[in-house]
Every structure is written in structure tokens, then in C-alpha cells.
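Participant: Kindly return the folded structure for what I paste below:
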Amino acid sequence: MSDTASPAAPTDAGEAPEVLVEDREGVLVITLNRPRARNAMTLNMARVIAAALDRLDDDPALRLAVVTGGGGSFCAGMDLKGFLRGERPSIPGRGFGGVTAAPPRKPLIAAVEGWALAGGFELVLACDLVVAASTARFGIPEVKRGLVASAGGLLRLPDRLPEVVAMQLALTGEPVAAERLHALGLVGTLTDEGGALDAALDLARTIAANGPLAVARSKQIMVESRAWPRGERFTRQQPYVDEVLASDDAREGARAFAEKRPADWTGS
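Facilitator: Predicted structure coming up:
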């Protein structure tokens, strides 16, 4: 499939789009594109991101998405000038940036350079995998402004980090380095400065080469099973496992392995 771009957030005449959306051979790359404002999130941006993620889940040719920021920064959170005008960069049912309350069914990778603060960090936490430059910095500084990190930071951080570390981030509002989060397991891949997107795309291509139904159900089981009673986990996962085992892709995977060739997945 050739690379294709889709419409981005509307801007004033002559200005670059606030969000760039590009299909790179089945990997949807979503780039926040307000570098002068450290990619602070606007309502228009949230609408475009939500539409892009709907497209991701609806289009069988798209396997997963990478979200990143242009200009050396990921996202500084909510655009405060818009907030003072009464604008909130959230979509009903979807949350901040069109993603934090309802991430896509397909995998989502964050490629982080520079700052990921407040809603920007919460956007990262809504992703399944995180690739970050060693110079990247993360934080939820809402308490410094008399606010709370209500776009998932207070809910997801204790699941992704030791509780005492998550609590310190939430109560102090102080930022933390990517190297620290890599050591703690939140950042999966650490790169040199400027290398996060390339490394995320390499990771995305590895995932995209796998059976799409198996990938989707693997993510679904891992996400949903956190709320399942421990004694019911194997029983509750069985319908998803049965669906995958009965699929054409399962048979194709076995044939491709036996014939020593790449699999020709259909997602069914």
C-alpha cells in the first residue's frame, strides 16, 4: 500500500495543519503539529485524532497507529489559551485528545521526544507501548495549577508504575526523565534524541507483520483481564481464544510456518 495522507485539523489560512495523519503501509502515523506551542492540545486537534482512531479501527488495512509530536516535543497538555476561552480539548466518550477515555481496539504506540506533560503524559498513558528519546521528560503538573490529572493520569499511573512513584508524580507535579521511566518499565524502548519515531515505526512494522486478529485479541485480553476476578480469567478469555483458533489466519499461520514463507493474513 502506498503512503496516503488524510485531512488534518483546520487552521487559519496559510498555517500548517495542527495534526498530520499519514498511512505508512498499514501503520497510521498521527503527528501533533503545533511546535511553537509544544503541541498543546486544541479541540480541533482532538476531533482529528478521534476521527483518525475511528478510521484505524474501521479499516482492516490499518494494523496499528503511532502518535508523535513534531518539532522536538510530544505534547504540553491542554492549550491554556483555549481553556481561558472556555474550550476543552476533549471529545464526549473519547476524552482528552480524542483518545484517553476510549483508546482504539488496535495497538497504539507513543513516540516521545521532548516534553510530555499533563494531558500529553496522559495521552502517552493511553497508548499500549511507549518509545522515548533519552532526553524526553514526563509529568502531571496539574496540582501546581490547582487542577487534577483527570484524563487518566491518576487512574493509569498506579497500573504502570510502583504506587509510591505514581503518588509522588501526582502530588508533587514534578517531571521525571525517560531513563527513569525506562528503568521502571513504563517506557519500553529508549533511543537517542531524535530517534523515537524511527524506533516506534520499526516496532510497529514488527507488530504489523503478525496476525491482525491475534494481535487485536491479545490486546483485548490483556486490557480487559485486569478487571476479571482471578479465578475466572481462563474461563473469560476462552471465547477470544476459540475465535482465534477457529480463524482462517490461524490455519494460514501454520501453513506459512510449514512452508517457510511469510503469512498472507486476512484478519479473519
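Participant: In this structure, what residue spans correspond to helices?
Facilitator: In the chain, the segments counted as helices under DSSP state H are 43-58, 80-84, 119-125, 153-160, 163-172, 178-184, 196-208, 212-224, 233-245, 248-258.
Participant: looking at those helices, which is buried most?
Facilitator: Across those, the average number of neighbours (mean count of other CB atoms under 10 Å) peaks for helix 119-125, which reaches a mean of 30. Every C-beta, even on glycine, is put in place using the N, C-alpha and C of the backbone.
Participant: Residues contacting it, please?
Facilitator: 39, 41, 67, 69, 74-78, 89, 96-97, 99-100, 110, 112, 116, 130, 138-140, 149, 151-153, 156-157, 160 (CB atoms under 8 Å, 6 or more residues apart in numbering).
Participant: can we see that at 6 Å?
Facilitator: Residues outside helix 119-125 that contact it (CB atoms under 6 Å, 6 or more residues apart in numbering): 41, 74-78, 96-97, 100, 110, 116, 130, 138, 140, 151-153, 156.
Participant: Stretch 173-190 too?
Facilitator: Defining contact as CB under 6 Å, 6+ apart, one finds that stretch 173-190 is touched by 129-132, 134, 136-139, 141, 143-144, 160-161, 199.
Participant: among those residues, which two are most distant?
Facilitator: Using CB to CB, the two most remote members of those are Val143 and Ala199, lying 32.1 Å apart.
Participant: roughly how far apart are the closest residue to Met78 other than its chain neighbours and Phe83?
Facilitator: Nearest residue to Met78, sequence neighbours excluded (CB to CB, 6 or more residues apart in numbering): Gly119, at 5.2 Å. Distance from Gly119 to Phe83, counting by CB to CB, to the nearest Å: 11 Å.
Participant: Equivalent analysis for Arg205, please.
Facilitator: 38 Å.
Participant: so where's the chain shaky on pLDDT?
Facilitator: 1-14 (pLDDT under 70).
Participant: Can you name the residues that contact Ser73?
Facilitator: With CB under 6 Å, 6+ apart, Ser73 has these contacts: 38-39, 114-115.
Participant: and the gap between it and Gly188?
Facilitator: 20 Å.
Participant: what's the answer for Arg36, then?
Facilitator: 30 Å.
Participant: Looking at these two, which one has more neighbours?
Facilitator: Gly188 (17 against 8; other CB atoms under 10 Å).
Participant: ok, for Gly98, nearest residue in space, not its chain neighbours?
Facilitator: The nearest residue in space to Gly98 (CB to CB, 6+ apart) is Ala50, at 3.0 Å.
Participant: The one you found and Gly97 touch, don't they?
Facilitator: No: Ala50 lies out of contact with Gly97 (CB atoms under 6 Å); the separation is 8.2 Å.
Participant: Give me the domain ranges for the protein.
Facilitator: For the chain, automatic domain parsing gives the domain ranges 4-208, 212-258.
Participant: Using JSON lines, lay out those domains together with distance to Thr266.
Facilitator: Formatted as JSON lines, these follow (distance: least, CB to CB, whole Å):
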{"stretch": "domain 4-208", "distance to Thr266": "8"}
{"stretch": "domain 212-258", "distance to Thr266": "6"}
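Participant: State the distance from the residue nearest to Gly98 to Ala132.
Facilitator: Distance from Ala50 to Ala132, by CB to CB: 24 Å.
Participant: same thing with Arg230?
Facilitator: The value you get for Arg230 to Ala132, if CB to CB is used, is 32 Å.
Participant: Same check on Asn39?
Facilitator: Shown here: Asn39 relative to Ala132, a distance of 15 Å by CB to CB.
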